[in-house]
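What shape does this take:
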Amino acid sequence: MDRSRIREHMAIVGSDGRQFGMVDHLEGDAIKLTKNDSPDGKHHWIPLDWVNQVDDRVHVSQPSNQAMRDWMSNPPSRRDARLDRGQSSGPSVRPYARAILAA
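Predicted coordinates for the structure are as follows:
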């Protein structure tokens, strides 16, 4: 996917063909969506790795309803994107810390 083809105000559509946002601009490895087209009137971000095709629209690999559930409500530079989507940031360090403290 050639990120240089993504332009402001392009429609963003899910794998179901439904539009769920518009490009505001690229921000690092994410697309910032316009707040005017958001159901809550706020900006949201989606990772560029969701994009699988760019033509006259930006196509993402998941259905639009899933993309809206998983989009980020905070800029990825301010918060780990995986945590914002409710996913684990990796293995827990607690078992490792317990093993060190027990030694």
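
Show me what the strand ranked longest in the chain is packed against.
Using DSSP state E, we find that the single longest strand of the chain is strand 19-27. Counting contacts by 3 or more Cβ pairs under 8 Å, 6 or more residues apart in numbering; DSSP states H and E, strand 19-27 is packed against strand 11-13, strand 30-33, strand 44-47, helix 64-70. (C-beta placed from N, C-alpha, C; glycine too.)

Just the C-alphas of it, formatted as PDB.
Extracted C-alpha coordinates of strand 19-27, given in PDB (Å, rounded to 0.1, in the frame of the first residue of the first chain):
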ATOM      1  CA  GLN A  19     -18.100   4.200   4.700                       C
ATOM      2  CA  PHE A  20     -17.200   4.900   8.300                       C
ATOM      3  CA  GLY A  21     -15.000   8.000   8.100                       C
ATOM      4  CA  MET A  22     -13.100  10.600   6.100                       C
ATOM      5  CA  VAL A  23      -9.400  11.200   6.100                       C
ATOM      6  CA  ASP A  24      -8.300  14.300   8.000                       C
ATOM      7  CA  HIS A  25      -4.600  13.700   7.500                       C
ATOM      8  CA  LEU A  26      -1.800  11.200   8.100                       C
ATOM      9  CA  GLU A  27      -0.300  11.300  11.500                       C
END
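
thinking again about what came up before, among the helices and strands packed on strand 19-27, which is nearest residue 20?
Evaluated with Cβ to Cβ, the helices and strands packed on strand 19-27 place helix 64-70 nearest to residue 20, the distance being 3.9 Å.

Check which residues of the closest one are buried.
64, 67, 68, 70 (16 or more other Cβ atoms under 10 Å).

Pull the distance from that helix to the chain's centre.
9 Å (Cα atoms, centre = their mean, to the nearest Å).

per-residue confidence averaged over stretch 40-58?
Per-region confidence: stretch 40-58 scores 96 on mean pLDDT.

Can you add distance to residue 20 and give the helices and strands packed on strand 19-27 back as a markdown table?
Listed next are the helices and strands packed on strand 19-27 as a markdown table, based on distance: least, Cβ to Cβ, whole Å:
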| stretch | distance to residue 20 |
| --- | --- |
| strand 11-13 | 6 |
| strand 30-33 | 8 |
| strand 44-47 | 9 |
| helix 64-70 | 4 |
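
Fine, thanks again, bye for now.
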